[in-house]
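Student: I would like to see how this sequence folds:
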Amino acid sequence: MPKITVLPHADLCPDGAVIDDAESGKSLCETLLEHDIEIEHACEMSCACTTCHCVVRQGFDSLNESDELEEDMLDKAWGLEPNSRLSCQAVIGDDDLVIEIPRYTINHAREQH
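Tutor: Modelled structure (predicted):
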């Protein structure tokens, strides 16, 4: 099972987090939510917004490839970087990941799920 290291985020996990039991084949967003990291997902993980945007600092190439719809949505994300992914579309592979959740999203008000 791959390990996911989440870098510190002031609101979602101030001390960062380590997920030792991530499941390959599951989306990054689902995994974060299952481990009480309340990443935004305003479109309910349907690739229709960018609120679950994250930057993959390590292990990017082990994720599934992004499709055209995700790439188009990412163009709208705040703080886009070359290793950005929508966590609802990023399927965990076999390698460990280090991710950073950007401080801001395009949402004006945070959704409470």
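Student: you'd agree K76 is up against T50?
Tutor: Yes - contact criterion Cβ atoms under 8 Å: K76 and T50 qualify, at 5.3 Å. (Glycine included, C-beta is placed from N, CA and C.)
Student: Looking at the two, which has the bigger crowd around it?
Tutor: T50 (24 against 11; other Cβ atoms under 10 Å).
Student: name the element the more buried one belongs to?
Tutor: Using DSSP states H and E, T50 sits within no helix or strand.
Student: Model confidence for the nearest residue to H41 once chain neighbours are set aside, exactly?
Tutor: In space, and not counting its chain neighbours, H41 is closest to C52: 4.7 Å by Cβ to Cβ, 6 or more residues apart in numbering. Confidence at C52, expressed as pLDDT, is 95.
Student: Also Y104?
Tutor: 79.
Student: Helix, strand, or coil at it?
Tutor: Here Y104 is coil, with the state taken from DSSP: H, G, I helix; E, B strand; the rest coil.
Student: related to what we said a few turns ago, check the gap between the residue nearest to H41 and H9 for me.
Tutor: 13 Å (Cβ to Cβ, to the nearest Å).
Student: More neighbours: these two, which one.
Tutor: The residue with more neighbours, out of C52 and H9, is C52; 27 against 19, by other Cβ under 10 Å.
Student: Can you list the buried residues in stretch 4-19?
Tutor: I4, T5, V6, H9, L12, C13, A17, I19 (16 or more other Cβ atoms under 10 Å).
Student: and the residue nearest to H41, what does it touch?
Tutor: Taking Cβ atoms under 8 Å, 6 or more residues apart in numbering, we find C52 in contact with C29, I39, E40, H41, M45, L86, S87, C88.
Student: same question, E81
Tutor: With Cβ under 8 Å, 6+ apart, E81 has these contacts: V55.
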